[in-house]
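> Curious how this folds, go ahead:
(chains A and B)
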Amino acid sequence: MGSYFSEIFLGLKSLVIGLGITAKEFFKPVVTVSYPYETIKMSERYRGHIELIEDEEGKPKCVACGMCQRACPSGCISLASKSVEYEVEVKGEMKTKKKKVLTQYNLNFTTCSLCGQCVESCGFGAITFSKEYNLASSRKEDFHFDLLNRLKERNS
Amino acid sequence: MSLTILNAVVAVVIAIAFAALNAAYLVWAERRGAGRIQRRPGPNVNGPLGLLQPPADGIKLMTKQLMIPGGADKALFMVAPVLAMAPAITSFVTVPFSDTIVAHSMNIGVLMIFAFASLGALAILFAGWGSRNKYGVMASVRAVSQNISYEIPMLITVITIVMMTGTMNLKEIVAAQSGGIWNWHIVPSLSSPLMPISFLIFFICSLAETNRAPFDLGEAESELVAGFHTEYGSMGFGLFFMGEYANIVIGASLITILFLGGWDCPLGLFPGVWWFLLKIYLLIFSFIWIRWTFPRTTIYGLLNLSWKILIPISLFNLLLTAGLLKVF
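Numbers count the residues shown, from 1 in each chain, chains lettered A, B, ... in the order given. A predicted model of the protein is given here:
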C-alpha cells in the first residue's frame, strides 16, 4: 500500500519536473535562423571552394607554379599562364627579367572533394577556402568557377 | 424564457462560429506554443505572427478532393467526421459563459455534455472501422477502450460535485462557487477535503477524453500512421481536427465550471465573461504545454492509470464526500 502511493507521488513529481523544463525553454529566445532572410557568419575553419588571395596591388599572389594543379587528386584545377618581361633595378642598373603571370585559373567544383590538398601544397599562400555556401543551381556549368574573374569582381 | 425556433438557430449559429473560430486559432496557438517550447518560431510567414495560417490551411483543406478508399463502408466513412464535430458544437449550447451569456440553460446540463461527449468515441470507432484500414481499426479499438475507461473516473468525480451542489445545472454549479477563490471546488472544503486531487483526476481524464498527448493513442502517428483518420483527407480530416479542438474548449470549459468557479473572479470582484475566457485559455495553454512535454504512454500504462489509480481514488473520494456531507 505504501509503495502504491509513493509510486504515484514519485510519478507526479517527475511529471512536474518535466513541465518545469519545458516552461523554462518556452521563455528562452528562439534559436532558429530564418535562412534566406538572415545568414550566420561561417566559422574560421569552414571549408568552401577555393579562392585566390590578392596581394597589396590587387593582383593575385599566385605565381602560376602549378603545384595545386598537381596536388589535386580529382584534377579539378586547371590554370594557364604567360611569360611577361619586366624591369628591375639591381645595383644601379636596369635589368630585364621574366616571370609567369596567371591568365586563367579554373576550378571545376563538380568534382572537387574539398580535401584541401591544393591549399596545403601552395608555397605562396595564394589560395584559401572561401566562406561561400549559397551554392545551389540546376546547371552544372554554374559550378565551373573562373577564380580570376571572381577576384576581379571582388575588387571592383 | 421561451425557446423559439429563431432563438435556437441563433444559438446554434453562434456556437458553431465560436467553435470553428476557436478550432482554427487553437491550431495556430498549438503550433506557436510547440514552436516556443522547442525554441523555434512556429508558423510566422503568413501574416503578422503567422495569424493568417489557419485561413490558409482551411482553404487548402477545402479545395482538396475527398477520397473514399475502395472497400470502405461509405456511409460510416462519411458520417464519422460529422459525428466528431457535431456533438462538440452541440455541447456549447448549454455552456454558461457568464451569468447572462448562455444559449440554453438546462437542468441536466452536465448530463447532456457527457452524453454528447461519449458520441465522440463512436465517431472514432466509425472512422477506424469504416475506412477499412488496419491502422484505423487498431487505433479506433485503442481509442474507444481509452475513452470508456476514462469516462468512469470522470463521471465519478462529476457525481461528487453534483452531490455537493445538489444540481446538474451548470449555471447553478457556478453560482454555488461564487464569492471568491475560497469557495471554488478546487479548494478543499470541510465536506470534501480531497477536492484538489479530484481536480487533478478530472484534468487527466479530460486530457484522455479529448485524445490529447500524452494519451493520443487514437492518432499515435509514430506507430499507426495517423490512427483513425489515416484515410481521411480534405475537409473530412479538417472536421476531425476541428472536432478535436472544439472538444478541448468544451473540456476546458467544464473544468472551469466544475472546479474553478466559472465566471467568478478569484477575489470576488467584477465577475464576468472575461474571467471565464481567461480561465479556459489558461487551461488550454496547459493542455498544449503538457502535449509538448510528455511522450505518449503505452496502452497498458494508460489503462493501468485509469483502472488502478484514478478509479479507486475517485471512488474513495466519492464515498468520503458522501459520508462527510451526511455528517456536516
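> Going by neighbour count, list what's buried in the helix or strand where residue A:9 lies.
Here residue A:9 sits within helix A:2-27, counting by DSSP states H and E. By 16 or more other Cβ atoms under 10 Å in any protein chain shown, the buried positions in helix A:2-27 come out as A:22, A:26. Backbone N, C-alpha and C define where each C-beta goes, glycine included.
> ok, and does it reach over to chain B?
Yes. On the criterion Cβ under 8 Å from any Cβ of the partner chain, helix A:2-27 is in touch with chain B at A:8, A:15, A:18-19, A:21-23, A:25-26.
> Quick check: residues of chain A near chain B?
Within chain A, the positions near chain B by Cβ under 8 Å from any Cβ are A:8, A:15, A:18-19, A:21-23, A:25-26, A:28-32, A:34.
> residues of stretch A:81-91 that come out buried?
residue A:81.
> Kindly export that stretch (C-alpha atoms) in PDB.
Only the C-alpha atoms of stretch A:81-91 are listed here, as PDB (Å, rounded to 0.1, in the frame of the first residue of the first chain):
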ATOM      1  CA  SER A  81      49.900  31.500 -67.500                       C
ATOM      2  CA  LYS A  82      52.100  33.500 -69.800                       C
ATOM      3  CA  SER A  83      55.600  34.900 -69.600                       C
ATOM      4  CA  VAL A  84      56.000  38.600 -69.000                       C
ATOM      5  CA  GLU A  85      59.200  40.600 -69.100                       C
ATOM      6  CA  TYR A  86      59.700  43.300 -66.600                       C
ATOM      7  CA  GLU A  87      62.500  45.600 -65.500                       C
ATOM      8  CA  VAL A  88      64.000  45.800 -62.100                       C
ATOM      9  CA  GLU A  89      66.800  47.900 -60.700                       C
ATOM     10  CA  VAL A  90      69.700  45.800 -59.400                       C
ATOM     11  CA  LYS A  91      72.700  47.700 -58.100                       C
END
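> which stretches of the stretch 101-250 of chain B form helices?
Ranges of helices in the stretch 101-250 of chain B, per DSSP state H, counting those that start in this stretch, are B:109-130, B:134-165, B:170-175, B:195-209, B:234-259.
> Give the other helices and strands that the second one contacts.
So the one you mean is helix B:134-165. Counting contacts by 3 or more Cβ pairs under 8 Å, 6 or more residues apart in numbering or on different chains; DSSP states H and E, helix B:134-165 is packed against helix B:109-130, helix B:170-175, helix B:195-209, helix B:234-259, helix B:299-304, helix B:311-327.
> With mean pLDDT, distance to chain A and mean neighbour count added, can I get those in CSV?
Output for these, formatted as CSV (pLDDT from 0 to 100; distance: least, Cβ to the nearest Cβ, whole Å; neighbours: other Cβ atoms under 10 Å in any protein chain shown):
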stretch, mean pLDDT, distance to chain A, mean neighbour count
helix B:109-130, 85, 25, 22
helix B:170-175, 82, 27, 21
helix B:195-209, 87, 8, 22
helix B:234-259, 86, 17, 24
helix B:299-304, 85, 10, 14
helix B:311-327, 87, 9, 15
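> of all the ones you listed, which lies closest to residue B:56?
Between residue B:56 and the helices and strands packed on helix B:134-165, the shortest gap by Cβ to Cβ is with helix B:234-259, which sits at 12.7 Å.
> Would you mark the buried spots in whichever helix or strand comes after the closest one?
Downstream of helix B:234-259, the next assigned helix or strand under DSSP H and E is helix B:273-291. By 16+ other Cβ under 10 Å, the buried positions in helix B:273-291 come out as B:275-276, B:279-281, B:283-284, B:287-291.
> Considering only the residues you listed, which also neighbour chain A?
By Cβ under 8 Å from any Cβ, the members of these lying near chain A are B:289-290.
> contacting residues around stretch B:294-306?
The contact list for stretch B:294-306 (Cβ atoms under 8 Å, 6 or more residues apart in numbering or on different chains) reads A:15, A:18, B:142, B:145-146, B:149-150, B:152-153, B:204, B:208, B:213-217, B:220, B:222.
> I meant to write stretch A:81-101 there.
Under Cβ under 8 Å, 6+ apart, the answer for stretch A:81-101 is A:63-65, A:102-104.
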